[in-house]
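> Any chance you can model this:
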Amino acid sequence: MAAEPEMVALAGVAAGGLLGMLLGLVAGRRAARRHSAPGPSIHEPEIGERLEMALEATGAAVWDADLVAGTCWWSDTFPRILGHRARPPMPPDFWEKRLHADDRERVLAHIASHLAGETTSYAYSYRLRHEGGGWVWIAAKGRAFRDETGRAVRYAGIMTDITEARRQEERLRASEERLLKIMEAAPIAVNVTTRDGRWLFCNAQSVRLMGRSRSELMRTPVADLYADPADRDALITRFDREGPFRNAEIRFRRPDGSVVWVLSSWNSIELDGEAALLTWLYDITDRKAAESAMVQAREEAEQALADLREAQESLIQAETMASLGQLVAGVAHEINTPIGIGLTAASHIGDQAQILRDRFTGNTLRRSEFLEFLDGLSESSRLLMANIDRAASLVQSFKQVAVDQSSGDRRVFELGSYIRELLFSLRPRLKRTNLKVTVECDDELTMDSFPGALGQVLTNLVINAVVHAYGDGDRTGTIRITAQPDGTERVRIDFIDDGAGIAPEHLSKVFDPFFTTKRGQGGSGLGLHIVFNTVTGPLGGTVSVQSWPGQGTRFTILLPREAPAILAVPAEEPALT
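Sure thing, here's the model as predicted:
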């Protein structure tokens, strides 16, 4: 065994370059120490330290197995790779017992083949069980040493922890698979070709776009797919001149002769070490067909434009008539009662007058009958006037919806003062109720808007609350009107009552025309509809409503401090709700 140090050193060279040579030298010196006289060694500690540092830095370990003696030496880094803090007992089967079941047969067969002389060296990877659970991937390189008869007597090598590298490889492989799936599922054709027209890659959309199977497409020269092969030469020239470009409109021809229009974008790429062209093709065939149809139909469209305008005017008129029809239906429904009562009163006056005339002509008229007639005439006149006034009020309210709300003066005004002045004008109506109205607004808050339209809105909200929230004022309660800036360009007005509230099923309908819960009790269903139209129209704002049955309702109005340049709604008598 005099040649043992040199043999082990050679094993180290075979096992892994410089690191293997260090291993071989250390193992050789250890072997030489067993056969030489004891004495101090100057270089051995230095070599050992360097080897230990190299193994620690590279996550590697070395082994030296004596096949004759049945022993194996491992570097201290090997158990640390497996998660041991201290060196554990390491019997001859320490390594084999930790082999992964899926790797065991392959690795042992590989080693057996090498020891049998079928290979000159070996390199393989496998998994060993980690002390803390899980598995460590190991890459091993080594070789066997033989005696004069060719029998393997020992073998040595180096192993490296490649767990993180395998994880990165797995992540890279998974990333590549995801990228491939994304490209295959992409609605845009993705192709990689060489400048001379050979295919290197195409995705599923390319196959669908070109109308060929993948194998047929990959065999077809790229230039043969163009409707005009000169187009590809022009694109290559453009790419050489400009570099990457996007959205060139190009035609391809399918095997059935149909033409496919695409937006073609180009860039360069390197695939498997080969310079290539990366192209994206977006199908615009439908768009081009639509454009062609539009160009073809332009003259007809221009000719039809006049007819379209005429039809549009007719449609607007028809819509207006339909709206008026609905309005007339509402008018008929609402005005029927007061007109009917007025008609009855007038008819009664006529009948009584005829009776009076007959009795007067026949000289049978008595003073008591004449006085009774006058009393009846007075009562009938009162009923007639009251119902005619009611009908006139309804007509005025309906007119608010039907006509264009286009009049009113615009001026700068202090919002708080104006609201208080408006409430003062409503005192006769509020005087008959048990309600208290409070205003919270900074007197310096000004608006450049239409006070008449805003007054219409607030008046309708007050009357609506009196009638619906408080049962015509029979209940006690408080109405709060608050106004405050909402940023620098808007004003927020909250109209809050603590009345009966609105049922959830009615909340979405409160701004609809003719919707009222007081049908037959004086409600026309136009008050809040006028509020909505006025706020969103001439005042240029928004209005929303929240309600809690039994607790009250909040109307929130957001208005620009400077109203849009349109005319306002006239400040007319509020609609009764």
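> okay, CA-based contacts and neighbour counts for the rest of this
Will do.
> Give me the contacts around stretch 418-437.
Here stretch 418-437 makes contact (CA atoms under 8 Å, 6 or more residues apart in numbering) with 439, 451, 455, 459, 466, 472-481.
> Need phi/psi at Leu458.
Phi and psi for Leu458, reported as degrees, to the nearest 10, are phi -70, psi -40.
> any idea where the strands of the stretch 451-577 of the chain begin and end?
Applying DSSP state E, counting those that start in this stretch to the stretch 451-577 of the chain gives strands spanning 476-486, 490-497, 542-548, 552-560.
> now for those strands, which one comes closest to Asn191?
The closest of the strands of the stretch 451-577 of the chain to Asn191 is strand 542-548. By CA to CA, the value is 53.3 Å.
> What strands flank that closest one, and is each parallel or antiparallel?
Strand pairing for strand 542-548, determined by DSSP bridges: strand 552-560 (antiparallel).
> separation between Ile236 and Ala54?
Using CA to CA, to the nearest Å, Ile236 is found at 53 Å from Ala54.
> Heading C-terminal from the host helix or strand of Ile419, find the next helix or strand.
When elements are assigned from DSSP states H and E, Ile419 belongs to helix 415-425. Remark: after helix 415-425, the chain's next helix or strand is helix 427-430, criterion DSSP H and E.
> partners of the helix or strand following that following helix, with directions?
Using DSSP H and E, the helix or strand that follows helix 427-430 in sequence is strand 434-441. Here strand 434-441 is paired, per DSSP bridges, with strand 476-486 (parallel).
> So which residues make contact with the partner strand?
415-416, 433-442, 445, 470, 491-499.
> Tell me the spacing between the residue nearest to Ser449 when sequence neighbours are not counted and Leu539.
Sequence neighbours aside, Ala563 is the residue nearest to Ser449 in space, at 4.9 Å (criterion: CA to CA, 6 or more residues apart in numbering). Plainly put, Ala563 is 6 Å away from Leu539 if you go by CA to CA.
> Ok, Leu343 next?
For Leu343, the distance to Leu539 equals 41 Å [CA to CA].
> which one of these two has more residues nearby?
Counted by other CA atoms under 10 Å, Leu343 and Leu539 do not tie: Leu539 has more neighbours, with 26 against 16.
> Packing partners of whichever strand or helix holds Ala156?
Using DSSP H and E, Ala156 sits in strand 152-161. Strand 152-161 sits against helix 4-35, strand 60-66, strand 135-146, with contacts defined as 3 or more CA pairs under 8 Å, 6 or more residues apart in numbering; DSSP states H and E.
> Can you mark which positions in the second one are buried?
Which is strand 60-66. Using 16 or more other CA atoms under 10 Å as the test for burial, strand 60-66 gives 60-65.
> Just the CA atoms of it, as CSV, please.
Extracted C-alpha coordinates of strand 60-66, given in CSV (Å, rounded to 0.1, in the frame of the first residue of the first chain):
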residue,chain,number,x,y,z
ALA,A,60,-19.6,19.6,-0.7
ALA,A,61,-18.4,16.5,1.1
VAL,A,62,-15.9,13.8,0.2
TRP,A,63,-15.7,10.1,0.9
ASP,A,64,-13.1,7.3,0.7
ALA,A,65,-14.4,3.7,0.8
ASP,A,66,-12.1,0.7,1.5
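> partners of that strand in the sheet?
Here, using DSSP bridges, strand 60-66 pairs with strand 71-74 (antiparallel), strand 152-161 (antiparallel).
> how about those in TSV, adding mean neighbour count, mean pLDDT and distance to Ile138?
Formatted as TSV, those follow (neighbours: other CA atoms under 10 Å; pLDDT from 0 to 100; distance: least, CA to CA, whole Å):
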stretch	mean neighbour count	mean pLDDT	distance to Ile138
strand 71-74	16	88	15
strand 152-161	22	91	5
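> Would you convert the ones you listed into JSON lines that also reports distance to Phe532?
Converted to JSON lines, the strands paired with strand 60-66 look like this (distance: least, CA to CA, whole Å):
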{"stretch": "strand 71-74", "distance to Phe532": "89"}
{"stretch": "strand 152-161", "distance to Phe532": "76"}
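> my guess is Ala156 meets Trp63, correct?
Yes - using CA atoms under 8 Å, Ala156 is in contact with Trp63, at 5.5 Å.
> Okay, and the beta partners of Leu558?
Beta bridges link Leu558 to Arg492, Thr542, judged by DSSP bridges.
> residues touching it, list them.
Contacts for Leu558 were tallied using CA under 8 Å, 6+ apart; they are 490-493, 541-543.
> how close does it sit to Ile388?
Separation of Leu558 from Ile388 (CA to CA): 38 Å.
> if I look at the spatially closest residue to Thr194 that is not a sequence neighbour, how far off is Phe201?
Once flanking residues are discounted, Thr194 sits nearest to Ala276: 4.7 Å by CA to CA, 6+ apart. Relative to Phe201, Ala276 is positioned 10 Å away (CA to CA).
> what's the overlap in contacts for the two?
Residues touching both Ala276 and Phe201 (CA under 8 Å, 6+ apart) are 192-193.
> who's more crowded, those two?
Applying other CA under 10 Å to Ala276 and Phe201 shows that Ala276 carries more neighbours, namely 22 against 14.
> What residues are bridge-paired with the more buried one?
Judged by DSSP bridges, the bridge partners of Ala276 are Ile269.
> give the contact list for it.
Contacts for Ala276 (CA under 8 Å, 6+ apart) come out as 192-195, 268-270.
> Same list, the contacts of Leu558, but as a markdown table with distance to Thr71 please.
Formatted as a markdown table, these follow (distance: CA to CA, whole Å):
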| residue | distance to Thr71 |
| --- | --- |
| Arg490 | 91 |
| Val491 | 92 |
| Arg492 | 91 |
| Ile493 | 94 |
| Gly541 | 93 |
| Thr542 | 91 |
| Val543 | 91 |
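> Got a ChimeraX select line for the buried ones in those?
Entered in ChimeraX, the line below selects the buried ones among these, by 16+ other CA under 10 Å:
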select :490,491,492,493,541,542,543
